[in-house]
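Q: Following is a predicted model, sequence given first.
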Amino acid sequence: MKIYKAHILFTKVKDKFEIIENGYIAVENGRIEGVYAHLPGHLKGVEIVDFGDKLLIPAMNDMHVHAPQYRNQGIAMDLELLPWLDNYTFPEESKYCDTKYAERMYRRFVRDLWRFGTMRTVAFATIHKESTRILMNLFKEAGMGALVGKVDMNRNCPESLAQSVQEAVKDNEELIQEFNQQDSLVKPIITPRFVPSCTPQMLSECGRLAKEYNLPVQSHLSENVGEIAWVKDLEPESRSYGDAYNRYGLFGQTPTIMAHCVWTKGSELELMKKNGVMVAHCPTSNFNLSSGMAPIRSFLDEGISVGLGSDISGGHDLSIFRMLVYAIQVSKMHYCTNKNMPFLSLSEAFWIATKSAGAFFGKVGSFEQGYDFDALLIDDKELNHDNYSLLHRLERYIYLGDDRQIQHRFCRGIEINEPQL
Ligand code: GUN
Ligand code: FE
């Protein structure tokens, strides 16, 4: 057992912060034993790590990111989704048949997640089994949590990225045998790229794998208007894009996260709600690919769970703190045209990034008893915090801070040091 002392801020519920000035968090076997304003009698004598005048907050969770698009981060922003995939994304992902290249890039990627305080990640890899294994092992080596998907795709892409269904299943099963261990921080997630990339047979095998091995599922949903029209053509029997996944057992039959959902409404929204599908909101990607503005307020009102994703390289920014700012800003643009849709408060956005997202990994994202101790220590003194309240200090860090102010990072109770390149 160990006790950490600092100013503690977190969100149990979306509407307000819990703020404990000079509070204590007791951690045992990686999990939170309790959070206290005053040290209780039963903890007297336990070692205390006193961080002083700094902020201790839950670590960030990136619910949607493409590790193999890391080299394209911050470039090639001149196209919408479908031509962007063909011209920039598929050619880059094709390079991951080369495991040396993959390792070099994936090391940078994991190191930079670490830099920005992201301790849990839901990632797409590529179709390549060996490279995917490298990424999973790098997360393991770092001690950071991740659900990593070997991508499945077999149509409407270059030959270098198309796999036969049989081959895809075999590769998935091999990675599942190797990595699907209880309590492991790094696990596989079934990852059909999106409907246009997968034949019905591929989708149905993905659904079978998810069910047979009880694995979560991730994909893309209703991101771009052209994409949605294409899916309608490809899957004429389905009532909505989401229904197409649903028909193959890929829409909440096991825990499912769908990126974007910019244009989700009507029966698709109802199905998401009914099946408990989580939305990965990726505001920077939606800006850069001119996709649109996801209606996060409506999702919250409907009780649909939401997390935030960087979606590198559609998105350009790996910081989930920054994503929280963009999510608030998107909601303010919605508010400009519809005053009945209140914009997101800071506590709502923080809760989305931490506790709401964290639920996809188990008890993650809050400082409540039994939760994994995933935490960041923020030393914000260089942001001139004289006379600011603790909440304003956190707000300023979220808006203005970066990796330089993150002094310590913990994942499931273990301090995570900088991964080596
Ligand atoms: N839809 C299918 N593949 C992708 C991708 O790589 N990025 C984004 N943003 N959307 C996609
Ligand atoms: Fe994506």
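A: Received, thanks. Small disclaimer: the values here were computed from a predicted structure and weren't measured. Ligands and ions are numbered 1, 2, ... in the order given.

Q: Just want the most central residue of the chain.
A: Within the chain, one residue has its C-alpha closest to the average C-alpha position: by Cα atoms, centre = their mean, that is Met63, at 1.3 Å.

Q: right, and it touches Asp311 too?
A: No. Shown here, Met63 and Asp311 do not form a contact pair, counting by Cβ atoms under 8 Å, at 9.4 Å. All C-beta spots, glycine's among them, are computed from the backbone N, C-alpha and C.

Q: immediately after the helix or strand containing Val148, which helix or strand?
A: Per DSSP states H and E: Val148 is located in strand 145-149. Counting by DSSP H and E, the element after strand 145-149 in chain order, helix or strand, is strand 151-152.

Q: Report all helices and strands that that next one contacts.
A: Using 3 or more Cβ pairs under 8 Å, 6 or more residues apart in numbering; DSSP states H and E as the contact criterion, the elements in contact with strand 151-152 are strand 191-192, helix 200-212.

Q: Identify the residues contacting that strand?
A: Contacts made with strand 151-152 from outside it, assessed by Cβ atoms under 8 Å, 6 or more residues apart in numbering, are listed as 93, 124-127, 163, 168, 172, 190-193, 198, 202, 205-206.

Q: Can you show me the helices along the stretch 1-150 of the chain?
A: Assigned by DSSP state H, counting those that start in this stretch, the helices in the stretch 1-150 of the chain fall at 81-84, 90-94, 99-115, 129-142.

Q: With only the CA atoms kept, save the third one in PDB.
A: Going back to what we said before, that points to helix 99-115. The C-alpha coordinates for helix 99-115 follow below in PDB (Å, rounded to 0.1, in the frame of the first residue of the first chain):
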ATOM      1  CA  THR A  99       8.400  -5.000 -39.500                       C
ATOM      2  CA  LYS A 100      11.500  -2.800 -39.200                       C
ATOM      3  CA  TYR A 101       9.700   0.200 -40.400                       C
ATOM      4  CA  ALA A 102       6.700  -0.700 -38.200                       C
ATOM      5  CA  GLU A 103       8.900  -1.000 -35.100                       C
ATOM      6  CA  ARG A 104      10.600   2.300 -35.700                       C
ATOM      7  CA  MET A 105       7.300   4.100 -36.100                       C
ATOM      8  CA  TYR A 106       5.400   2.300 -33.400                       C
ATOM      9  CA  ARG A 107       8.100   3.100 -30.900                       C
ATOM     10  CA  ARG A 108       7.600   6.800 -31.600                       C
ATOM     11  CA  PHE A 109       3.900   6.400 -31.400                       C
ATOM     12  CA  VAL A 110       3.800   4.700 -28.000                       C
ATOM     13  CA  ARG A 111       6.400   7.200 -26.600                       C
ATOM     14  CA  ASP A 112       4.300  10.100 -27.700                       C
ATOM     15  CA  LEU A 113       1.100   8.700 -26.200                       C
ATOM     16  CA  TRP A 114       3.100   8.500 -23.000                       C
ATOM     17  CA  ARG A 115       4.300  12.100 -23.400                       C
END
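
Q: which non-adjacent residue is nearest Gln329?
A: With sequence-adjacent residues excluded and distances taken as Cβ to Cβ, 6 or more residues apart in numbering, Gln329 is closest to Pro283, at 7.4 Å.

Q: no wait, Met1
A: That would be Glu28: by Cβ to Cβ, 6+ apart, it lies 4.6 Å from Met1.

Q: these two touch, right, the one you found and His42?
A: No. At 11.9 Å, Glu28 and His42 do not qualify as touching, with contact defined as Cβ under 8 Å.

Q: Neighbour count for the two, which is higher?
A: More neighbours sit around Glu28 than around the other of Glu28 and His42, counting by other Cβ atoms under 10 Å; the figures are 14 against 10.

Q: Kindly provide the distance from that one to Arg412.
A: When distance is defined by Cβ to Cβ, to the nearest Å, Glu28 is 12 Å away from Arg412.

Q: again, but for Phe367
A: Relative to Arg412, and taking Cβ to Cβ, Phe367 is found at 14 Å.

Q: between the two, which one's more packed in?
A: Phe367 (26 against 23).

Q: show me the residues around that one that make contact.
A: 8, 10, 18, 25, 32, 35, 58, 375.

Q: which among these gets closest to ligand 2?
A: When these are compared for distance to ligand 2, the smallest value, 24.0 Å, is given by Pro58; criterion: Cβ to the ion.

Q: is the closest one in a bridge, and if so with what?
A: Ala375 (DSSP bridges).
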